[in-house]
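> here you go, sequence then predicted model.
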Amino acid sequence: MTSTALTLYNPKPKPRKLRLLRLASAAVIASTLAMTMMTVPQTAQAETTISAEVRENSVFYKNIKIDGISIAYREAGDPAKPTILLLHGFPTSSQMFRNLIPVLAEKYHVLAPDYPGYGASDMPSREAFEYSFANFANVVEGFVDAKKVSSYALYLMDYGAPVGYRLFAKNPERVTGFIIQNGNAYEEGLLEFWEPIKAYWNEPNAKNRDALRGLLTIDATKWQYTHGVGNVDKISPDTWHTDQYLLDREGNNDIQLDMFLSYASNVDEYPSWQGLFREFQPPALIVWGKNDHIFPADGAHPYKRDLNNVEFHLLDTGHFALEEYGDEIGTEILDFLDREVTKN
């Protein structure tokens, strides 16, 4: 709001006609000011309403100590409402959900933590912390307990899938539903892209480890965001530049290579997770970028073998489907949760 300074002065006497004109003008101005002042309470009330809506959907950026590690997380929505736990993939962080969180927060309580070594969370040394999917699941479990969340729907993407399925295996009754976006639980989904990583699993020597360092470069990070998308112009360069900045921190490349090696432990767990799917039958929404070369749609279809209540959508995009189809995915999630989770 801007204010205008009025200068008061004593003019020289004017002829009567001019004085009458001035009086008439003053009357018009006074009337206009009065009308403006009458509308101020309505405007203020509208602004108050808008501000309340903004506050309700605001995203808060917080930190919490879990086993001595500062875990950064995003939180939005009313904690009294059902919770959605968003679990990010590689090489990103909770920033991948930056546009989705305010949409979900209209009706739900949303939590999105960064794993150790990712996003704004602490990056303890490899000597002080074991970088593995099992340990990430332990940290996220501690996070959920610290937030006093007793049940939650899981958004599972990329690395978020094995982290989330480990949480599901620990406490299946706490999971109200799955939202699966390019997150694998079947060997059918590990195709050509995984061949050099599998070689590293079979022989975890320096040669095979170093062969994977190309996956940690800016070109590879950009490729993850742009490969298979319909319109590259819709993908913000901020995504890969932000991720790469964090990947390039001293020591982080070796953390990522440890995680590549740890991924083999997820494959060992696939049969167990599939058995839990069949036993507990959580409702599932699959929103999958079908052009993803890392987790192709071959890994999406097998979920229909083990889960009875599956809503299935293949989207004409790549790995980070939220970047191109965020609006559509947000709508599908709200519809799915309203029907399959909150009704229960």
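Alright, I've got the coordinates.
> buried residues of stretch 211-220, list them for me.
Buried residues in stretch 211-220, counted by 16 or more other C-beta atoms under 10 Å: 212, 215-216. No exception for glycine: its C-beta is placed from N, CA and C like everyone else's.
> for those residues, give me a markdown table that also has secondary structure and distance to Val175.
Converted to a markdown table, the buried residues of stretch 211-220 look like this (DSSP: H, G, I helix; E, B strand; the rest coil; distance: C-beta to C-beta, whole Å):
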| residue | secondary structure | distance to Val175 |
| --- | --- | --- |
| Leu212 | coil | 32 |
| Leu215 | helix | 31 |
| Leu216 | helix | 32 |
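> and Ser125, what does it touch?
For Ser125, the contact set (C-beta atoms under 8 Å, 6 or more residues apart in numbering) comprises Gly251.
> Three-state assignment for it, please.
Three-state call for Ser125 (DSSP: H, G, I helix; E, B strand; the rest coil): coil.
> and what of Ala72?
Classification of Ala72 by three-state DSSP places it in strand.
> going forward, the N-terminal residue is numbered 2.
Okay, residue one is now 2; in that scheme the one you just asked about reads as Ala73.
> against Ala298, how distant is Gly290?
Gly290 sits 8 Å away from Ala298, going by C-beta to C-beta, to the nearest Å.
> same thing with Tyr326?
As judged by C-beta to C-beta, Tyr326 and Ala298 stand 14 Å apart.
> neighbour count: those two, which is higher?
A count of neighbours by other C-beta atoms under 10 Å puts Tyr326 above the other of Tyr326 and Ala298, at 22 against 17.
> mean confidence for the helix or strand encompassing the more buried one?
Assigned by DSSP states H and E, Tyr326 belongs to helix 322-341. The average pLDDT within helix 322-341 is 97.
> hey, C-alpha coordinates of that helix in CSV?
Extracted in CSV, the C-alpha atoms of helix 322-341 (Å, rounded to 0.1, in the frame of the first residue of the first chain):
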residue,chain,number,x,y,z
ALA,A,322,6.5,-37.5,-13.6
LEU,A,323,5.4,-34.8,-11.2
GLU,A,324,7.4,-32.2,-13.1
GLU,A,325,5.2,-32.6,-16.2
TYR,A,326,2.0,-34.1,-14.8
GLY,A,327,1.8,-32.6,-11.3
ASP,A,328,-1.7,-31.2,-11.7
GLU,A,329,-3.1,-34.4,-13.0
ILE,A,330,-1.3,-36.5,-10.3
GLY,A,331,-2.5,-34.2,-7.5
THR,A,332,-6.1,-34.5,-8.7
GLU,A,333,-5.8,-38.3,-8.9
ILE,A,334,-4.3,-38.5,-5.4
LEU,A,335,-7.0,-36.4,-3.8
ASP,A,336,-9.7,-38.5,-5.5
PHE,A,337,-8.0,-41.7,-4.5
LEU,A,338,-7.5,-40.8,-0.9
ASP,A,339,-11.1,-39.4,-0.6
ARG,A,340,-12.5,-42.7,-1.9
GLU,A,341,-10.2,-45.3,-0.5
